[in-house]
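Chemist: need coordinates for the following:
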Amino acid sequence: MFKKFSISLVILALFFSLTLFGYASVVKAEGYKIGFSNYSVTNSWRVQMEAEFKAKAEELKDKGVISEYYMTNANGEISKQISDVNDLITKGVDALLITAASPKALAPVCEKAEQQGIKVISFDNIVSSDKLTSKVGINEVEFGRIGAKWLADKLDGKGNIIVLNGVAGTSVNADRWEGAKEIFDKFPQINILGKANAAWDYAQGKTATENFLSAYSDIDGVWSQGGAMTEGAIDAFNAAGRELVPMTGEGNNGMLKAWKKYSDEGFTSIAPASPTYQSSRALEVAINALNGEEVKAQYELEIPIILDNTLQDYVRPELPDSFWCVTNLSNEQIQKYLYNN
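Modeler: Below you'll find the predicted structure:
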């Protein structure tokens with residue numbers, strides 16, 4: 001009788017310990033379902049960011065941590081991304097990773113997911129809500145400040161500049177410009193001739209710069225919040241026969257190649273980098289949260305800064321212009337997930 005009673009106590013104790021300290025991981029022994037909602041793949045940074053997620057997800061799937069994952073692309077449409085998230089909720093995902101087309105418009109559906117017990121990790125273009133599990137990204141305002149301060153110093157606080165912004169309506173675009181404007185407002189003799197939203201894209205950056213070059217005979221500098229746009233600006237200046245001026249950039253391989261190529265002619269730049277591995281870091285945070293670990297409300301990643309004297313450490317001459325040089329992808333993963341080799 002005593003023996004049976006003791007066994008019953010052990011079973012009861014085991015039940016409560018599982019309930020309090022990891023029962024979720026027991027019932028999810030087959031692995032977690034992960035949803036990834038991307039607002040677009042309109043530029044090469046976003047393509048590589050997806051590749052970083054997929055490489056990490058496949059690694060975790062091989063280990064049995066993830067059973068399956070779903071990836072959606074809203075093509076820049078807010079309504080489609082809301083629909084995508086609702087569909088991921090219906091699929092029964094355990095965690096949702098999201099980079100949002102609109103910080104405010106995606107908040108309600110993300111909060112709905114949280115209310116249903118889904119761990120929501122917002123990264124890159126951050127959702128405007130304090131009711132999510134966690135947020136992951138760099139300080140985008142500081143990103144804008146870094147380049148603007150460098151450019152203002154290069155111009156000795158005066159001159160005519162043009163501005164190449166990213167995708168209108170996104171938090172990254174707004175935050176980077178907020179940081180840059182904060183700096184430029186301190187230099188009344190820096191004249192902003194014009195601004196263009198070029199979607200962090202090479203072709204759009206080149207076209208926007210061509211338009212500025214046609215309109216203005218005196219451009220002393222370029223503040224660009226994206227490396228591919230800066231590469232486009234360099235090519236536009238060269239095509240127009242105009243002398244290259246100081247331009248801010250980013251860790252895009254094409255831009256870094258051009259920087260290296262024209263450095264002997266006096267071209268100079270700075271490239272604060274937004275790591276494409278934000279997505280894989282967000283996935284790690286999601287898994288930690290699902291495992292019952294305590295996660296912070298926000299993770300601010302370091303902003304690597306590429307300068308003239310460190311350019312050689314980052315540029316990858318053997319890889320395409322579209323590659324982003326601050327990455328966690330191995331050479332094997334680069335070929336597998338980016339270039340299908």
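Chemist: isn't residue 137 up against residue 126?
Modeler: Yes. Under the contact definition of C-beta atoms under 8 Å, residue 137 touches residue 126, with a separation of 6.1 Å. Every residue, glycine included, has its C-beta placed from N, CA and C.
Chemist: quick one: residue 153 is in a helix?
Modeler: Yes. According to DSSP: H, G, I helix; E, B strand; the rest coil, the state of residue 153 is that of a helix.
Chemist: next one: it from residue 77, what distance?
Modeler: In this structure, residue 153 and residue 77 are separated by 40 Å, where distance is defined by C-beta to C-beta, to the nearest Å.
Chemist: just residue 256 next, same as before
Modeler: Counting by C-beta to C-beta, the gap from residue 256 to residue 77 is 32 Å.
Chemist: those two - which one has more neighbours?
Modeler: Applying other C-beta atoms under 10 Å to residue 256 and residue 77 shows that residue 256 carries more neighbours, namely 28 against 14.
Chemist: how about that one, secondary structure?
Modeler: In terms of secondary structure, residue 256 is helix; the call rests on three-state DSSP.
Chemist: which residues touch the residue nearest to it when sequence neighbours are not counted?
Modeler: Leaving out its chain neighbours, the residue that sits closest to residue 256 by C-beta to C-beta, 6 or more residues apart in numbering is residue 315, at 4.1 Å. With contacts defined as C-beta atoms under 8 Å, 6 or more residues apart in numbering, residue 315 is in contact with 253, 256-257, 259-260, 325.
Chemist: nearest to residue 98, of the residues you listed?
Modeler: Within the contacts of residue 315, distances to residue 98 taken as C-beta to C-beta reach their minimum at residue 325, with 25.5 Å.
Chemist: pull the CA atoms of the strand or helix carrying residue 260 into CSV?
Modeler: With the criterion set as DSSP states H and E, the secondary-structure element containing residue 260 is helix 253-262. C-alpha atoms of helix 253-262 as CSV (Å, rounded to 0.1, in the frame of the first residue of the first chain):
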residue,chain,number,x,y,z
ASN,A,253,29.6,44.1,-52.0
GLY,A,254,29.0,46.1,-55.2
MET,A,255,29.4,49.4,-53.4
LEU,A,256,32.5,48.1,-51.6
LYS,A,257,34.1,47.0,-54.9
ALA,A,258,33.4,50.4,-56.4
TRP,A,259,34.8,52.1,-53.4
LYS,A,260,38.0,50.0,-53.6
LYS,A,261,38.3,50.6,-57.4
TYR,A,262,38.0,54.4,-57.1
